[in-house]
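1. Generate a structure from the sequence data that follows.
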Amino acid sequence: MATKHDNDNGTVLARQEQKLKPPPMYQVLLLNDDYTPMEFVVAVIQEYFNKDRETATQIMLKVHRDGKGMCGVYPKDIASTKVELVLTHARKAGHPLQCVMEEA
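-> Okay, here's the model as predicted:
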């Protein structure tokens, strides 16, 4: 704990420690559909979530088998940006791929 001296009258002011809690984290998930090609999903995971091809393929297979797959966990602003980037990219490519975020 740091202390500070008040120069006017010689009193010592104690600085209170602030307890900061970490920001809430959000999972970014891809949702399965029957139309988006698997190769496109792998490419999206590699590009927007910086995964290697093998990891991206494993995530894509989880999406395919289980209906959804987690691509990463991020603070709210970053997660939201990634969701928007993926959705925009998918729409421009003509695919209905869905990307959502949930609090972790």
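
2. Any buried residues in the helix or strand encompassing G69, and which?
-> Counting by DSSP states H and E, the element that carries G69 is strand 68-75. By neighbour count with 16 or more other C-beta atoms under 10 Å, strand 68-75 contains the buried residues G69, C71, G72, Y74. For the C-beta atoms, the positions are set from N, CA and C on the backbone; glycine is no exception.

3. now stretch 41-49
-> By neighbour count with 16+ other C-beta under 10 Å, stretch 41-49 contains the buried residues V41, V42, A43, V44, I45, Q46, Y48, F49.

4. wait, which of the residues you listed is closest to T55?
-> Proximity of those to T55 was ranked by C-beta to C-beta; the top entry is I45 with 7.7 Å.

5. and the helix or strand where that closest one lies, what does it pack onto?
-> In this assignment (DSSP H and E), I45 forms part of helix 38-49. Based on contacts counted as 3 or more C-beta pairs under 8 Å, 6 or more residues apart in numbering; DSSP states H and E, the elements that helix 38-49 packs against are strand 25-31, helix 53-66, strand 68-75, helix 76-92.

6. which of the buried residues of strand 68-75 lies closest to V63?
-> Distance from V63 was checked for each of these by C-beta to C-beta. The minimum falls on G69, at 3.8 Å.

7. Contact partners for the closest one?
-> G69 is in contact with L29, L30, I59, M60, L61, K62, V63, counting by C-beta atoms under 8 Å, 6 or more residues apart in numbering.
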